[in-house]
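Would you be able to build a 3D model of this:
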Amino acid sequence: MIVTITGEPIEYVFAPGSHHDNNAFKRLDFHLLEDSVMYGDAAYVDQEQEFELKEDLNLQFFVAKKQNSKAPHPGHVTYLINHFRKCVEASFSSVVRLFPREIHAITSRGFELKVLTFILPFGFSRL
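Just a heads-up that it's a prediction; the model follows:
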């Protein structure tokens, strides 16, 4: 899910829990304003994707580095990444809190539709 710094959902993609987060990330459309800045966790480390976002969409994309990274970010960048990632985590948790304990759906499309009925009202409540 991509959210604004105030926690408003902008884009999301559904993916099975067994898929790597980076595969879902690559399916996003990135309908964002030019010169936008994105922050992500270490699961999204993909230098090719970072280059494409910067070149094609003029987005700055900062990804948290793993502890043993050979090219760590400066301290202030790491602080910003951790700070703004909390907005995403908080928004995601708030949406999930609205879900019932069980979602009954016959098809995957039906499941997506039901989950969407929780994401949209949350997004409107944040405006």
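
switch to C-alpha atoms for all contacts and neighbour counts from now on
Fine.

Report the separation between the residue lying closest to Glu11 once chain neighbours are set aside and Val96.
The spatially closest residue to Glu11, leaving aside those adjacent along the chain, is Ile2, at 5.1 Å (C-alpha to C-alpha, 6 or more residues apart in numbering). Ile2 sits at a distance of 15 Å from Val96 (criterion: C-alpha to C-alpha, to the nearest Å).

Let me know the average pLDDT across stretch 76-96.
Per-residue pLDDT values across stretch 76-96 average out to 83.

Pull out the buried positions in it.
Residues of stretch 76-96 classed as buried by neighbour count (16 or more other C-alpha atoms under 10 Å): Ile81, Asn82, Phe84, Arg85, Cys87, Val88, Ser91, Phe92, Val95.

Make JSON lines out of those residues and add distance to Lys66 and secondary structure.
Compiled in JSON lines, these are given as follows (distance: C-alpha to C-alpha, whole Å; DSSP: H, G, I helix; E, B strand; the rest coil):
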{"residue": "Ile81", "distance to Lys66": "12", "secondary structure": "helix"}
{"residue": "Asn82", "distance to Lys66": "12", "secondary structure": "helix"}
{"residue": "Phe84", "distance to Lys66": "17", "secondary structure": "helix"}
{"residue": "Arg85", "distance to Lys66": "15", "secondary structure": "helix"}
{"residue": "Cys87", "distance to Lys66": "20", "secondary structure": "helix"}
{"residue": "Val88", "distance to Lys66": "19", "secondary structure": "helix"}
{"residue": "Ser91", "distance to Lys66": "23", "secondary structure": "helix"}
{"residue": "Phe92", "distance to Lys66": "22", "secondary structure": "helix"}
{"residue": "Val95", "distance to Lys66": "27", "secondary structure": "helix"}
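
Just flag the most distant two among those residues.
Of all pairs drawn from these, the widest gap by C-alpha to C-alpha lies between Ile81 and Val95 and measures 21.6 Å.

Farthest from the middle of this protein: give me that residue.
In the chain, Ile106 marks the outermost C-alpha relative to the chain mean, sitting 26.9 Å out by C-alpha atoms, centre = their mean.
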